[in-house]
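Visitor: Here is a sequence with its predicted model. Questions after.
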Amino acid sequence: MPLAVIFNPPAALTIDRSTINKPGGNLSCSGSITAVLNNNPAVTFDDAAGRAKADVIDITGQQSGISCRYKATNVLWNRDGTTRKYVNQAFTATKTSGSFLCPGSVSTAAGDASLLFH
């Protein structure tokens, strides 16, 4: 008799920013930028398509004492194989506050961000 393993698709969830932000969390950026997640993004899954969608990502980045806050909506993520790791599709976040030195928007290339669900 063949063995069949059936996985239920992940249920919609909310990412609690207090579990992501430091100290204790593992939110990180490359280089000398530090980041803080300002909201609790709601994530929905389309397991058949291997995709997830975050309703809003609201994040503040700081570098050399300059803070810039950005928001992106409907950010799409692709599942990495059969794992519960998801990598982003390219997206652009718009500046919502911060120094005049902050660019009006920032773009994140596909694969530059990831989420790992346990």
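Guide: Now that the structure is in, tell me what you want to look at.
Visitor: from here on, contacts and neighbour counts on C-alpha atoms
Guide: Fine.
Visitor: Mind giving me the packing neighbours of whatever helix or strand Thr44 lives in?
Guide: Using DSSP states H and E, Thr44 maps to strand 42-46. Judged by 3 or more CA pairs under 8 Å, 6 or more residues apart in numbering; DSSP states H and E, strand 42-46 is in contact with strand 13-14, strand 51-63.
Visitor: Next, the angle strand 51-63 makes with it.
Guide: 140 degrees (axes from the mean of the first three to the mean of the last three CA atoms, to 10 degrees).
Visitor: Partner strands of strand 42-46, with direction?
Guide: Strand 42-46 sits in its sheet next to strand 13-14 (antiparallel), strand 51-63 (antiparallel), going by DSSP bridges.
Visitor: Out of the ones you listed, which is the most enclosed?
Guide: strand 51-63 (a mean of 18; mean count of other CA atoms under 10 Å).
Visitor: So what touches that one?
Guide: 32-39, 41-46, 67-79, 86 (CA atoms under 8 Å, 6 or more residues apart in numbering).
Visitor: Provide the partner residues of Ser67 in its beta bridges.
Guide: Using DSSP bridges, the bridge partners assigned to Ser67 are Gln62.
Visitor: Mind telling me which of the strands paired with strand 42-46 the model trusts least?
Guide: Sorting the strands paired with strand 42-46 by mean pLDDT places strand 13-14 lowest, at a mean of 92.
Visitor: Kind regards, and thank you for your time.
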